[in-house]
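In: this is a predicted model, with the sequence first.
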Amino acid sequence: MSTPHNNASAGEIAEKVLLPGDPMRAKFIAENFLENAVCYNEVRGMYGFTGIYRGEKVSVQGTGMGMPSMHIYASELMQVYGAKKLIRVGTCGSFREGINLKDVIIAMASTTDSGMNKDRFGNISFAPTASFRLLKAAYDKAEELKVKAVVSNIFTSDKFYDDRGKEKNALLASYGVAAVDMETCELYTLAAKHGVDALTMLTVSDNLLTGEKCTAEERQTTFNDMIRVALEI
Ligand code: HPA
């Protein structure tokens, strides 16, 4: 068994998979959090590892950036490899007052400017939502570990460099949307299609209202807090 994008054989990927966008983060998580981690995929440098966390088999797979890339890796994990619990661990830009650098955002739902769900659903505007089970577990675990987590609707954008970005962010903030990523809408939609549990957790790396950015060190520390929450649920 393999796909054009993933060399893993049957049984090499766990039912629980963490999904960082950056494949080097997948390597970092495997090396720093998992025991006996084995790399099962190197195709296109999109690393995937399986190891053990507190006695449980867990995989971590890079997804790349943007919804089409997420579509490829998440579809294959769900459809071919039998993944049942998929947790995106990424970064985001925040644009709502009161959300600060290093906060963890748990995405309850995803709003998008992407055309992918227009193509799927036509005139129907599908609402991609998190798994309630995973969302509740993540929120409770974050409280227990004293990690500040904000549960919110997020914006999944098709463009990192958007001529109308400021305008879109301000409009969405006025409707309570907290932050922007580029993948969650497709992850949640695919999870609904395949009847599996998915959740996105994001650390705020850029404050798009003030222009502040996390330092590399801050990014790593807050990222580690979030990974710990993701691994524990
Ligand atoms: N836009 C989209 N995705 C992101 C950003 C951003 O500003 N920062 C981190 N992920």
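Out: All right, it came through fine. Quantities reported herein were computed from a predicted structural model and do not represent experimental measurements. Numbering: from 1, shown residues only.
In: show me the contacts for the residue in the chain that the ligand sits nearest to.
Out: In the chain, no residue comes nearer to the ligand than residue 93, which is 2.7 Å away by CB to the nearest ligand atom. Any C-beta I mention is one placed from the backbone N, CA and C, and that applies to glycine too. Counting by CB atoms under 8 Å, 6 or more residues apart in numbering, residue 93 makes contact with 179, 180, 204, 205, 206, 207, 208.
In: surely it is within a strand?
Out: Yes: in this structure, residue 93 lies within a strand as judged by DSSP: H, G, I helix; E, B strand; the rest coil.
In: what residues does this structure put near the ligand?
Out: 91, 92, 93, 157, 160, 180, 181, 182, 205, 206, 208 (CB under 6 Å from any ligand atom).
In: mind redoing it with 5 Å?
Out: When proximity is defined by CB under 5 Å from any ligand atom, the chain lies next to the ligand at 91, 92, 93, 180, 181, 182, 206.
In: of those, closest to residue 231?
Out: Of all the residues of the chain next to the ligand, residue 91 has the smallest distance to residue 231: 17.6 Å, by CB to CB.
In: for the closest residue to the closest one other than its chain neighbours, give me its contacts.
Out: With CB to CB, 6 or more residues apart in numbering as the measure, residue 205 is the residue that lies nearest to residue 91, at 3.9 Å, once sequence neighbours are left out. For residue 205, the contact set (CB under 8 Å, 6+ apart) comprises 91, 92, 93, 101, 213, 214, 219.
In: so for the helix or strand hosting residue 205, mean pLDDT?
Out: Here residue 205 is covered by strand 197-207, with elements defined by DSSP states H and E. In this model, strand 197-207 has an average pLDDT of 97.
In: what are the buried residues along it?
Out: By neighbour count, with 16 or more other CB atoms under 10 Å as the criterion, the buried positions of strand 197-207 are 197, 198, 199, 200, 201, 202, 203, 204, 205, 206, 207.
In: kindly report the same for stretch 125-133.
Out: Residues of stretch 125-133 classed as buried: 128, 129, 130, 131 (neighbour count, 16+ other CB under 10 Å).
In: tell me the one of those residues nearest residue 1?
Out: residue 131 (25.8 Å).
In: what pLDDT is listed against that closest one?
Out: As predicted, residue 131 sits at a pLDDT of 98.
In: one more: residue 146?
Out: Reading off the per-residue confidence, residue 146 sits at a pLDDT of 94.
In: what residues does the helix or strand of the chain with the lowest mean pLDDT touch?
Out: Considering only helices and strands, the least confidently modelled element of the chain by mean pLDDT, DSSP states H and E is helix 216-232, at a mean of 89. Applying CB under 8 Å, 6+ apart, the set of residues contacting helix 216-232 from outside is 18, 25, 29, 32-33, 53-54, 58, 87, 89, 91, 101-102, 104, 138, 141-142, 145, 147, 149, 201-203, 205, 214.
In: thank you kindly, that will do.
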